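> Next come a sequence and a model predicted from it.
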Amino acid sequence: MSKEIPSRDKNYSEWYNELVIKADLAEHSAVKGCMVIKPYGYAIWEKMQQALDKMFKDTGHVNAYFPLFIPKSFFSKEASHVEGFAKECAVVTHYRLKTAPDGSIVVDETAKLEEELIVRPTSETIIWNTYKGWIQSYRDLPILVNQWANVVRWEMRTRLFLRTTEFLWQEGHTAHATAQEAIAETEQMLEVYAEFAEKWMAMPVIKGIKTPNERFAGALETYCIESMMQDGKALQAGTSHFLGQNFAKAFDVKFANKEGKQDFVWATSWGVSTRLMGALVMSHSDDKGLVLPPKLAPFQVVIVPIYKGDEQLAQISEVVLKMKKEMEAKGISVKYDNRDTQRPGWKFAEYELKGVPVRIAIGARDLENGTVEVARRDTLEKETLQQADLATKIEHLLEQIQDNLYQKAIAMREAKTFNADTYAEFKEILDATPGFIMAHWDGTSETEQKIKEETKATIRCIPLNNKEEAGVCIYSGKPSAQRVVFARSY
RNA sequence: CGGGGCGUAGCGUAGUCCGGUAUCGCGCCUGGUUUGGGACCAGGAGGUCGUCAGUUCAAAUCUGGCCGCCCCGACCA
C-alpha cells in the first residue's frame, strides 16, 4: 500500500481523511457512517480516556453504566430535547428475525415491540428516569456520575472521528440541590476539559458559552471549548451543559430540602467524544503524517537499530535494552523495533507517519562513539547525543515537544484570528483568510441566523471573561458591548 | 434528500467513447545481495471487472434496474 498522503495545503479534507486511514487510526466500516477504530487509534483514545477519567475522579466523580436502549416514551418527555434529536435517531422496532420461505432472513413481523426503543443519542432521559429512584432527600445529593459509552446519531453526512454515526464518548450527568451548585459543576467541568485540551492534547481552546441557537437541546446554558484547526475552521471540542430543572421536571425528580420542602433537582451534563481524536490530528499533523503530543502517544520513543548481521544486532540490542530500561524507569514508553523484515529507512518513514514524538537510531558508528541519533517528530530535527544520561535528556525533550506543539498551535490560532468591524470586512476575511473573526453582534438570534445563512459562519461562542468593548453589530448596526467569536466550523 | 464523482487483485489504477477474455505501479511470496531516510536483481502467486438482468457468436466495454462508496450542500458533537 502506498503510504503517501496528499498535501495539507491542497485539500485539507482529503489530507485528513487519508492521514487517518494511512496512519492506522481508523477506517470506514461496512456499516454506513460508522468507522472501525484500529488498534493504534484506539491506543490514543485509551490514553485520552485514562487522563480524563483521572481528572473526573479527582473532581469527585464516579463511573456507572446505563442502558443502550431508551424507551420512546422516556425520550419524548423533555420537549426541546426530543425536538433536537428526533431527526437523527436509530429506532429498534422488532426483536426477532426468521427464515422466509425463499431461505432469506427477514424481520419477523410478529415480533414487533410494543414500544419502540431508541438507541441512545445521549443518555439524559434514561439517566434521569433512573435518578428519580435514587433521590429523595438533599442527603442523596449531589450525584456525580460519569458514563463511558457509545452513542448513535444518524447524521446525514459523516466524517471519520469528527462525525460518525456511532461514536465513543463520556457523558457526565450530575444532580444537585441548588442552581448555584449545578452551575459551579458545569463551569468546573468546562475547566477540566480546557485543561485536558491544553495540557494533554497541546490544543489551545477558547472557553465560552453558546448562543441560544447553538445551545444543547434541553439546556439552559451550554458552555463549550472551541478550538481552531490548521485550515482555520473551528471545532467544538467539548461541551458542558447547565440543564436547570428541565429534566427533573420531565422525570419528576424531587427531593426534600433541609427545610423539608419538595424541590426539583438541578442538573448538568457534559461530554467529550472520539471527535477529540479528529481534533488532535487536525491540530498538529503535517504532510508527513501524524504528530502526536508526547502525553498521548501510545509510545513516546521508538528505537531503530541499524546493523549488518546478527552479531552487530546483538551488540546494539545490549546497549538499547539498557537505555530502554532507564527511560522506562522515568515513565517514558519506548518501543524497540528490531524487526529484520523492514529496513531502517522504511521504519523512519513509518514512525513519522504514525507521529511517534522521538525516534532514536543507533548503529555501529554510535557504538564506537557512545552516541545515538535523536530525531524529533515536531520539528523533524536530528541531532547526535551522547548515550550518557540519555533518559534524562529524552525526558526533557519530550516535555519540550509537548510545549512546542502547544506554542505552535497558539501561534497558528493567533495568526488566524482577526477583528472585523464591518460586514464587508467580515465576509472578506472569511473567504481570504479563514479563521476566528472577533466581531460585534447585537445579541439576537435573527442576526446570527442571517449571518449563518449568508456566510456559513456561526458564532462559536461568547468567550468567558470577555473584554467589555463598546461597538456596533456588524450586521444590524445596533449597539453591542462585546465581540464574539465567529467562524466556519466542522 | 439535492448536486458532482466513482466502483477493475490487499491498495492505487489503465482499458469503457469505437465489444474480441484485463494494463501498470505499490504491496505480497521464494531465492540472493543489502540495511545511517521508504533497497536492488531474478522468479512467482493473486481478478465473480460492485450486482442482477438484457442485447450479441462474443460484454470490464453497449442498454436497463439495483447496491455501495467518496466529495460538496442541508443536519450535527
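Now that the structure is in, tell me what you want to look at. Numbers count the residues shown, from 1 in each chain, chains lettered A, B, ... in the order given.
> got the residues of the stretch 251-400 of chain A near RNA strand B?
When proximity is defined as Cβ under 7 Å from any atom of the strand, the stretch 251-400 of chain A approaches RNA strand B at A:273-275, A:288, A:306-309, A:340, A:343-346, A:348-350, A:352-353, A:359, A:361-367, A:372-373, A:375, A:380, A:382. Bear in mind the C-beta positions are built from the backbone N, C-alpha and C, glycine included.
> From the residues you listed, which land in strands?
Among those, the members found in strands (DSSP state E) are A:273, A:306, A:359, A:361, A:362, A:363, A:372, A:373, A:375, A:382.
> Around the nearest residue to the fifth one once chain neighbours are set aside, how many other residues sit close by?
Read that as residue A:362. By the measure of Cβ to Cβ, 6 or more residues apart in numbering, the closest residue to residue A:362 outside its immediate chain neighbours is residue A:372, 4.8 Å from it. By other Cβ atoms under 10 Å, 23 other residues sit near residue A:372.
> Show me what the lowest-mean-pLDDT helix or strand in chain A is packed up against.
The helix or strand of chain A with the poorest confidence is strand A:105-107; it has a mean of 78 (mean pLDDT, DSSP states H and E). The contact analysis (3 or more Cβ pairs under 8 Å, 6 or more residues apart in numbering; DSSP states H and E) places strand A:105-107 against strand A:97-99.
> now the residues of the stretch 251-400 of chain A next to RNA strand B: which count as buried?
Buried by 16 or more other Cβ atoms under 10 Å: A:273-275, A:306-307, A:350, A:352-353, A:359, A:361-363, A:366-367, A:372-373, A:375, out of those.
> low-confidence ranges in the stretch 101-250 of chain A?
Across the stretch 101-250 of chain A, the ranges flagged by pLDDT under 70 are A:102-104.
> the strands in it, which residues?
In the stretch 101-250 of chain A, strands defined by DSSP state E, counting those that start in this stretch lie at A:105-107, A:112-119, A:143-152, A:166-176, A:206-209, A:221-228, A:234-244, listed in chain order.
> Can you name the residue of the stretch 1-150 of chain A that approaches RNA strand B most closely?
In the stretch 1-150 of chain A, the residue that lies nearest RNA strand B is residue A:32 (3.0 Å; Cβ to the nearest atom of the strand).
> looking at this, that residue is in a helix?
No: read with DSSP: H, G, I helix; E, B strand; the rest coil, residue A:32 is coil and lies in no helix.
> from memory it sits against residue A:157, does it?
No: the pair residue A:32 and residue A:157 fails to qualify as a contact (Cβ atoms under 8 Å) at a distance of 10.9 Å.
> Compare those two and say which is more crowded by neighbours.
Between residue A:32 and residue A:157, counting by other Cβ under 10 Å, residue A:32 is the more crowded of the two (9 against 6).
> And the pLDDT for the more buried one?
Listed pLDDT for residue A:32 reads 77.
> Check the one 3 residues further on too.
Per-residue confidence (pLDDT) for residue A:35: 86.
> quick one, phi psi at it?
Backbone torsions of residue A:35, given as degrees, to the nearest 10, read phi -130, psi 160.
> so what's it up against?
For residue A:35, the contacting residues are A:26, A:27, A:28, A:29, A:160, A:161, A:164, by Cβ atoms under 8 Å, 6 or more residues apart in numbering.
> Let's have the residues you listed in a markdown table, adding neighbour count and distance to RNA strand B.
Converted to a markdown table, the contacts of residue A:35 look like this (neighbours: other Cβ atoms under 10 Å; distance: Cβ to the nearest atom of the strand, whole Å):
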| residue | neighbour count | distance to RNA strand B |
| --- | --- | --- |
| A:26 | 22 | 11 |
| A:27 | 14 | 9 |
| A:28 | 16 | 4 |
| A:29 | 14 | 8 |
| A:160 | 23 | 8 |
| A:161 | 25 | 7 |
| A:164 | 25 | 5 |
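> what's the closest of these to residue A:461?
Of all those, the one sitting nearest residue A:461 is residue A:161; the distance, using Cβ to Cβ, is 21.6 Å.
> Residue A:407 and residue A:44, how far apart?
21 Å (Cβ to Cβ, to the nearest Å).
> Of these two, which one has the most company?
Shown here are residue A:407 and residue A:44; by other Cβ under 10 Å, residue A:44 has more neighbours (22 against 12).
> is it possible to export the strands of the stretch 101-250 of chain A to JSON lines including distance to RNA strand B and mean neighbour count?
Shown next, in JSON lines, are those (distance: least, Cβ to the nearest atom of the strand, whole Å; neighbours: other Cβ atoms under 10 Å):
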{"stretch": "strand A:105-107", "distance to RNA strand B": "16", "mean neighbour count": "11"}
{"stretch": "strand A:112-119", "distance to RNA strand B": "12", "mean neighbour count": "15"}
{"stretch": "strand A:143-152", "distance to RNA strand B": "7", "mean neighbour count": "18"}
{"stretch": "strand A:166-176", "distance to RNA strand B": "4", "mean neighbour count": "22"}
{"stretch": "strand A:206-209", "distance to RNA strand B": "13", "mean neighbour count": "21"}
{"stretch": "strand A:221-228", "distance to RNA strand B": "7", "mean neighbour count": "25"}
{"stretch": "strand A:234-244", "distance to RNA strand B": "3", "mean neighbour count": "24"}
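> sorry, back to before: as CSV, the contacts of residue A:35 with distance to residue A:81 would be great.
Listed next are these as CSV, based on distance: Cβ to Cβ, whole Å:
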residue, distance to residue A:81
A:26, 30
A:27, 33
A:28, 31
A:29, 29
A:160, 28
A:161, 25
A:164, 22
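> For residue A:418, state which of the residues you listed is nearest.
Using Cβ to Cβ, residue A:161 comes nearest to residue A:418 of these, at 28.0 Å.
> which residue packs closest to that closest one, ignoring adjacent ones?
Excluding its sequence neighbours, the residue lying closest to residue A:161 (Cβ to Cβ, 6+ apart) is residue A:278, at 3.5 Å.
> which residues are in contact with the host helix or strand of that neighbour?
Per DSSP states H and E, residue A:278 falls inside helix A:275-284. Residues from elsewhere that reach helix A:275-284 (Cβ under 8 Å, 6+ apart): A:16, A:19-20, A:25-26, A:41, A:44-45, A:48, A:159-163, A:167, A:197, A:201-203, A:227, A:229-231, A:235, A:237-238, A:290-293, A:296, A:355, A:378, A:405, A:408-409, A:490.
> that older thread, closest to residue A:459 among the contacts of residue A:35?
residue A:161 (24.2 Å).
> What helix or strand is residue A:448 located in?
Assigned by DSSP H and E, residue A:448 belongs to helix A:445-455.
> Give me the packing partners of that helix, helices and strands only.
helix A:423-432, strand A:458-463.
> what distance separates it from the centre of its chain?
Distance of helix A:445-455 from the chain centroid (Cα atoms, centre = their mean, to the nearest Å) equals 27 Å.
> quick one: is that helix near RNA strand B?
No: judged by Cβ under 7 Å from any atom of the strand, helix A:445-455 makes no contact with RNA strand B; its nearest approach is 7.6 Å.
> Restricting to C-alpha, output that helix in CSV.
Extracted C-alpha coordinates of helix A:445-455, given in CSV (Å, rounded to 0.1, in the frame of the first residue of the first chain):
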residue,chain,number,x,y,z
SER,A,445,-30.9,35.1,17.1
GLU,A,446,-32.2,36.7,13.9
THR,A,447,-28.9,38.4,13.2
GLU,A,448,-26.9,35.2,13.9
GLN,A,449,-29.2,33.3,11.7
LYS,A,450,-28.9,35.7,8.8
ILE,A,451,-25.1,35.8,9.1
LYS,A,452,-25.1,32.0,9.1
GLU,A,453,-27.3,31.8,6.0
GLU,A,454,-25.3,34.4,4.1
THR,A,455,-21.8,33.3,5.1
